[in-house]
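> here are the coordinates; sequence isn't available:
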């Protein structure tokens, strides 16, 4: 599973240095400072942000400063040639607003107006933002808090750095998704609404087309050996060496034979390879004369229906989902593939958002049970305290929980999830050693299979998110920042056995604000909009809010501090005292980013 695929041609950031167009002294005196801002911004981005394949984010600076519409058009031509997906306009001075602005209707946009007194960069910023509002092209406003000297334009203040990076991180996520596919393998799983794949949402809001493959395509490819046979041998050997099979908790009379289980291992390995090949293609299939199958569906994310039509007869998709979502497999350490259990495409989108903002593997889970302090005390005798004193949420799932989620990677000596390029072979081994692969509970999965089982280490910052579709409103995003919680082994075992001890568990406690959906942990659970959620490492709620505003998806619940929220400047026109309501009004007014 290489890091290189047809989906990995990444957009670039276009830097637009705008300038006062008056020749004969004014423009000439500003050329150096203006271009210095552009180069400083490009350098900041290059040194701090990476694409999902580990390469630094590329910036394209316009060939000249932009003093009027001709140079704006020339810059746009260059950006189109170079594959620019978002733009940052920079200036230390007055410029001609509507003549110099970026008029592309789909590229996310931000403007950095230099805070200096000698030239009115702030005046241009305000003027061009007014033009953006009037033309229905929302842009982010970046303006430093402190006044700088005019000859210091190459020095970026810390507050400006923070906003530039926040914008580029979210804007790049939006740009990467555009033109890719979501691959639905199968259809609706057990009546779960999130697995009703709505092409209107995908096309209009995130710029993704929907592709569909029947689950029988997996059987066709396995039966006709449409997979890389050398890779299969390598994968089988790696699985036998590195994965530990856990206890079979099924009643003795239901347990499968060793011969059957060995066959299931071979089948689910082929299944994982096939699902990946369906998503991104595999040039190795050309060596076997399977030219059509080698192409794939250009999918940046996908999902597998599984239950029940598949799992009542064939081994389940748990192993395939876990391995695809993890940052390593038999081919080594590599980028995760976003792949949703039960084809819950809306949770898949939350996973994709989190992945593109962090470059780390995501944890797909059932938002299964709220355990109050009283219930935990009654069941185990243990008193919850600290971050968990209001109760905990049991996040558990048999499927697409990345192995990374066990927490055996480290940052500064603390458990973490990391981008693949920072993961060591030693950490991979520790992750694998922390996991068991238990035989499927046959009451649920009659066809068998194997499910990953681990306990997430406590103390890690996480953000849980979820996209929901509301008739008459459209998509909304839910966000809950919090922490994983450590329970003593005996306490964990008592609570875990009440659900399913064969699946991976994360105990989660959200940060509480005392208001809205975050009065207490029970209120968070009660307001969650569906049965699934996605966990991203880190407190990335602010980045999710920024991305949602670019896509025009309102955020219906979050616990992010107001000072961290960064949305387009136009949102202020819809109200400043009720920013949640303003978000809804702005998203409705401007409509989906890719509306037809």
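Looks like it arrived, so ask away. This structure is a prediction, so every number in the text was calculated from the model and none was measured.
> contacts, neighbours, all on C-alpha from now
OK.
> am I right that residue 340 sits in a helix?
No: counting by DSSP: H, G, I helix; E, B strand; the rest coil, residue 340 is located in no helix; its state is strand.
> contact partners for it?
Contacts for residue 340 (Cα atoms under 8 Å, 6 or more residues apart in numbering) come out as 301-304, 321, 347-348, 364, 400.
> okay, now the domains of this protein?
Domain assignment for the chain, taken from automatic domain parsing, gives 12-177, 181-590.
> about what we covered before: flag the least confident of the contacts of residue 340.
Minimum pLDDT for those is recorded at residue 400 (69).
> re the thing from before, from the contacts of residue 340, which land in strands?
Applying DSSP state E to the contacts of residue 340, the entries found in strands are 301-304, 364.
> on that earlier part again, now distance to residue 596 too, for the domains of the chain, in CSV please.
Output for those, formatted as CSV (distance: least, Cα to Cα, whole Å):
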stretch, distance to residue 596
domain 12-177, 11
domain 181-590, 7
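> the residue nearest to residue 125 when sequence neighbours are not counted - how many residues pack around it?
Closest residue to residue 125 apart from its sequence neighbours, by Cα to Cα, 6 or more residues apart in numbering: residue 113 at 5.3 Å. Other residues near residue 113 come to 26 when the count uses other Cα atoms under 10 Å.
> sketch out the low-pLDDT regions of the protein for me.
1-8, 117-120, 398-400 (pLDDT under 70).
> what's near enough to touch the residue nearest to residue 132 when sequence neighbours are not counted?
Spatially, and ignoring its direct neighbours in sequence, residue 132 is nearest to residue 138 (5.7 Å; Cα to Cα, 6+ apart). By Cα under 8 Å, 6+ apart, the residues touching residue 138 are 109, 129, 132, 568-570.
> equivalent analysis for residue 554, please.
Applying Cα under 8 Å, 6+ apart, we find residue 554 in contact with 475-477, 548, 583-584, 587.
> before we move on, what about residue 436?
Taking Cα under 8 Å, 6+ apart as the test, what residue 436 contacts is 243-246, 452-454.
> at 10 Å instead, please
243-247, 450-454, 502-504 (Cα atoms under 10 Å, 6 or more residues apart in numbering).
> again with residue 534
Residue 534 sits next to 340, 346-354, 362-367, 395, 401, 462-467, 479 when contact means Cα under 10 Å, 6+ apart.
> ok, now residue 306?
Contacts of residue 306 (Cα under 10 Å, 6+ apart): 185-190, 215, 312, 314-318, 341-343, 445.
> how does it look with 6 Å?
For residue 306, the contact set (Cα atoms under 6 Å, 6 or more residues apart in numbering) comprises residue 342.
> now swap in residue 551 and tell me
Counting by Cα under 6 Å, 6+ apart, residue 551 makes contact with 205, 593.
> and the helix or strand where residue 44 lies, which residues are buried?
Using DSSP states H and E, residue 44 sits within helix 26-48. Buried residues in helix 26-48, counted by 16 or more other Cα atoms under 10 Å: 27, 30-31, 33-39, 41-42, 45.
> equivalent analysis for stretch 409-417, please.
Of all the residues in stretch 409-417, those buried under the rule 16+ other Cα under 10 Å are 409, 415-417.
> same deal with stretch 221-236?
222, 226-228, 231-232, 235.
> do the same with stretch 549-568
Neighbour-count burial for stretch 549-568 [16+ other Cα under 10 Å]: 549-560, 566-568.
> and residue 172, what element?
Here residue 172 is assigned to helix 158-177, by DSSP H and E.
> who's in contact with that helix?
85, 108, 144, 356, 547.
> and which of the residues you listed is nearest to residue 267?
residue 356 (30.7 Å; Cα to Cα).
> contacts only, for the closest one.
Going by Cα under 6 Å, 6+ apart, residue 356 touches residue 173.
> and it, how close does it get to residue 501?
Using Cα to Cα, to the nearest Å, residue 356 is found at 31 Å from residue 501.
> give me the buried positions along stretch 328-335.
328-330, 333-335.
> do stretch 280-288 as well
Residues 280-285 are the ones in stretch 280-288 that count as buried (16+ other Cα under 10 Å).
> reformat these as TSV; add distance to residue 379 and secondary structure.
Listed next are the buried residues of stretch 280-288 as TSV, based on distance: Cα to Cα, whole Å; DSSP: H, G, I helix; E, B strand; the rest coil:
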residue	distance to residue 379	secondary structure
280	47	helix
281	49	coil
282	50	coil
283	54	helix
284	54	helix
285	54	helix
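> would you reformat those residues as CSV and include distance to residue 424?
Putting these into CSV (distance: Cα to Cα, whole Å) gives the following:
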residue, distance to residue 424
280, 25
281, 27
282, 26
283, 28
284, 27
285, 30
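> about what we covered before: give me the buried subset of the contacts of residue 436.
When the contacts of residue 436 are checked for burial by 16+ other Cα under 10 Å, the buried set is 243-246, 450-454, 502-504.
> among those, which one lies nearest to residue 125?
residue 504 (50.0 Å).
> identify the bridge partners of that closest one.
With DSSP bridges as the criterion, residue 504 is bridged to residue 397.
> test my guess that it contacts residue 454.
Yes: at 4.6 Å, residue 504 counts as touching residue 454 under the criterion of Cα atoms under 6 Å.
> could you check how far the residue nearest to residue 132 is from residue 544?
17 Å.
> likewise for residue 551?
From residue 551 over to residue 544 the distance is 11 Å, taken as Cα to Cα.
> next: residue 391.
Counting by Cα to Cα, the gap from residue 391 to residue 544 is 25 Å.
> how about residue 513, phi and psi?
Per-residue torsions, residue 513: phi -110, psi -10 (degrees, to the nearest 10).
> grab the nearest non-local neighbour of it.
residue 519 (6.1 Å).
> beta partners of residue 416?
residue 409.
> quick check: it touching residue 410?
Yes: the criterion here is Cα under 6 Å, and residue 416 meets it with residue 410 at 5.0 Å.
> can you report how many residues lie near residue 292?
Neighbour count of residue 292, defined by other Cα under 10 Å: 10.
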